[in-house]
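> okay, sequence plus prediction incoming.
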Amino acid sequence: TQSQHSIPTTRAVPSSWIHATPAPLALPHSTASRTSTSTMLSKLATTAARGGAAAMPKMATRAMSIELMDTYGKHLFKGKVADEFLSKQGMSWAEMQTGDFTQDSEKADKVAAAVLEWAQSNGAHVYCHWFQPMAAAGVRHGQSGQVQNAMFAFDMETGEPKWDFKGKDLIKGETDGSSFPNGGLRATHTAGGYLAIDPSSPIFLRGDTIFLPSCFVSYYGHALDEKTPVHRSVQALSDQGKRLLKLLGHETEGLVANIGLEQEIFLIPRDAYHRRPDLQLTGRTIMGKDAPRGQEMCDHYMAPLNGNGPALAAMAEMQEECFRMGIPLKTRHREVAPNQFEFAPLFGTASTQIDQNLMVMQVIEEVAAKHGLAALLHEKPFNNVNGSGKHNNWSIATKEGAMVLNPASLNKATGNPEAFPIIMSAIVSAIDIHGDLMRMSISSPGNDFRLGACEAPPAIVSTYLGDDMSDYLDAFASGSAAEYNPGTKTFSFGVEGLGHLSEFTVPAEDRNRTSPFPYGGARFEYRAVGSTQNVSMVNTVLNTITADAFKTVADRIEAGESGADVARELYTKHKRAVFNGNGYDEAWPEEAGKRGIWRIDSGVDAIQVLTSDKNIKLFGEQNIFTEPELAARQEVLLDHYTGTVEMEALTMIDMIKQHVIPSVKESGVGPLAELEATLPVLESAVAAIHAAETAEEKGALARVLRLETMIDIRDTCDAAEAVVPAEHWTLATYGDLLFMDMYPNPHDAF
């Protein structure tokens, strides 16, 4: 079908936009040149006359086979898989889980021997310590660091290669810490970075490589990665939670933080992606006129996955590959925006789920390419349709399995009906006191365009508890000692004699998708998290502020106060952070201001709360970050933001010079003078960022450039696209990019 640009426009064209038509230009980034140099693109169907969306390659869908269930976890060194090989060394998976092998060279050699045999049986012969550098989101493929080494050495006598993988290779590694973002913690002359295997996250295999999840620190023990602070925060949560639960009547070995991460993505035709420099270099479209159709009809959400198209085939293969690595990627469906999809796993421990989510994102990008697609993980790749998030479902459990945020489970474990309201009051106080840190934790560059845009919660930090629990806690704060039993609601579908269609029971509370941190029965869901994020900082903050709140309550109980009285005081003081209404209501920001709860609109400003006196004290007391580590992390996050904006601005300059202006000149219509005037504005703004002296100043300038200057310039570029005839427009349009999966036959794509 014709492109949107083939449809005659009724837009009035200013006379200043009409130019004498010059001779045709040879465009360096034309579709023809791209197609001739791309082997992959040559395999796609012929493009439309203007170089529009190619017909998608025919690919059979891949239904999950019964045999696949038998291979689940085959490439994860855990449980029965690990025991098969560890038993030959006189060890077991249970013994390996303790981590003792990292301190015992004999045991380490045995584990290494078992891992080597497992690798050989699966055709693998390479290993790496797999770690998580800071500031990787949106720029580093896979968001991980690794050096892959073959598992062999040379026989000194014969010169022949032989298998070689010992305990010392398994448990430790060393690399250059200065070449990763480090905020001044490392330099070229003090570059040592050290890797230690993380026993809490199982070893896994992909292709010919064994991956050893690891933590990364400097010569002085400063965390250089995302993972180390997560472990410190889980330890703090466990220590303080253990103290508090003992005081409430339950002895436990400690607490664990569990999370489940919903991953939203876009899948677009790869040939169209190759005609968008902005998508290739920055992950989002920095210009582009809206297509005539978007998500107005709500027709994409949870619609059938197209059995004839490449998206379902790709998603099925993504699930299969993840299953083999023991990643329980259970759910898949279409999301709200065109070509938007979601995966969701079963929950697990925080460190393991974070590791698995990074690998899920890498698998998504790589498998998509095999199916003629490009996967976009950015929070806001397209204007005026929904962006993508990564809902962080966070819960707490004892090591024995009691769910701390589930009233029935906690009451049973403690035998104390006051335990649940005490726990909830503590968490509400943490949200109110440390909402600044919660906002900081979601300050990814892509969230600039997503928060509060009727697709994600606003930048006001509150929690939704629902009227049922709020009424209970209000009564508790007023002196009630009743046990909390969540209410339910029963209604009829209006159909008699068909089972639950005549009587259907649901929780008493509705779902509030406008709250950044709603309670969901046994968990809190942090809905504001960005889709590209490594959620380590998010969960480090949640664990730390909760540990601090638990410590406050435990300290006061140990000093002689009643736990119920402490909780009543905390809830009464901090319940202003509870908001059960519509977070998209225009009146809410004003009300939030009157309440005095945390609202930080600017991600750049939010990043800078890391080094406030309050937060230096918090992280120091809980042994999460030292002051130098906080200062370094703040600098890294600001540099990441500024660097992202600079790449976007430079890409916009190139696109205007190499695509938009040539298209306007060739067609003889469009805002040529206005376009030419944008270039010095962009170039001087980038120069001003370079001239700024501090990371904070650079970040502030970058935010203005991105959210004011570039948006105005985008309007000019989009106005040009609206009037330039299709045959002269060289960039893939929103119509080319967004409607691949709407039709039963993908050859019918827009």
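Structure received.
> against residue 447, how distant is residue 378?
According to Cβ to Cβ, to the nearest Å, residue 378 stands 10 Å off from residue 447. For the C-beta atoms, the positions are set from N, CA and C on the backbone; glycine is no exception.
> contacts for stretch 86-100?
78-80, 82-83, 101, 107, 110-111, 113-114, 117, 199-200 (Cβ atoms under 8 Å, 6 or more residues apart in numbering).
> cool, stretch 460-473 as well?
421, 424-425, 428, 431, 435-436, 438-439, 482, 484, 486-487, 508-510, 512, 515-519, 524, 571, 575, 577-580, 583, 588-589, 592, 597-599.
> show only the entries of those residues found in helices.
Mapping those onto helices (DSSP state H) picks out 421, 424-425, 428, 431, 435-436, 438-439, 571, 588-589, 592.
> could I have the buried ones of the contacts of stretch 460-473 as PyMOL selection syntax?
Those of the contacts of stretch 460-473 that count as buried under 16 or more other Cβ atoms under 10 Å are selected in PyMOL with:
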select buried, resi 421+424+425+428+431+435+436+438+439+484+509+512+515+516+517+518+519+524+571+575+577+578+579+580+583+588+589+592+597+598+599
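> just checking, what packs against the longest strand along the chain?
When the chain is scanned for its longest strand (criterion: DSSP state E), the result is strand 209-218. Strand 209-218 makes packing contacts with strand 126-130, strand 192-197, strand 204-206, helix 227-247 when contacts are defined by 3 or more Cβ pairs under 8 Å, 6 or more residues apart in numbering; DSSP states H and E.
> secondary structure element for the nearest residue to residue 729 once chain neighbours are set aside?
Sequence neighbours aside, residue 663 is the residue nearest to residue 729 in space, at 5.3 Å (criterion: Cβ to Cβ, 6 or more residues apart in numbering). Under the criterion of DSSP states H and E, residue 663 resides in helix 661-667.
> got the contact list for the following helix or strand past that helix?
As assigned by DSSP H and E, the chain's next helix or strand after helix 661-667 is helix 672-691. Helix 672-691 is contacted from outside by 16-17, 19, 642, 645-646, 649-650, 652-653, 656-657, 660-661, 664-665, 698, 701-702, 705, 709-710, 713, 716-717, 720, using Cβ under 8 Å, 6+ apart.
> how about stretch 539-548?
Counting by Cβ under 8 Å, 6+ apart, 229-230, 232-234, 236-237, 239-241, 257, 259, 350, 354, 392, 394, 396, 426-427, 430-431, 433-434, 437-438, 440-441, 524, 526, 618-619, 621-622, 624 sit against stretch 539-548.
> okay, strands next: where are they in the stretch 451-600 of the chain?
Ranges of strands in the stretch 451-600 of the chain, per DSSP state E, counting those that start in this stretch, are 488-491, 504-507, 524-526.
> can you check the stretch 251-400 of the chain too?
For the stretch 251-400 of the chain, the strands defined by DSSP E, counting those that start in this stretch occupy 255-261, 263-269, 331-334, 340-344, 348-349, 373-376, 392-398.
> which one of the ones you listed lies closest to residue 325?
Closest to residue 325 of those is strand 348-349 (Cβ to Cβ; 12.9 Å).
> gap between the closest one and the chain center?
In terms of Cα atoms, centre = their mean, to the nearest Å, the centre of strand 348-349 is found 16 Å from the chain centre.
> same deal with stretch 147-161?
39 Å.
> list the buried ones in that stretch?
Quick answer for stretch 147-161 (16+ other Cβ under 10 Å): residue 151.
> quick one: average pLDDT of it?
Mean pLDDT, computed over stretch 147-161, is 93.
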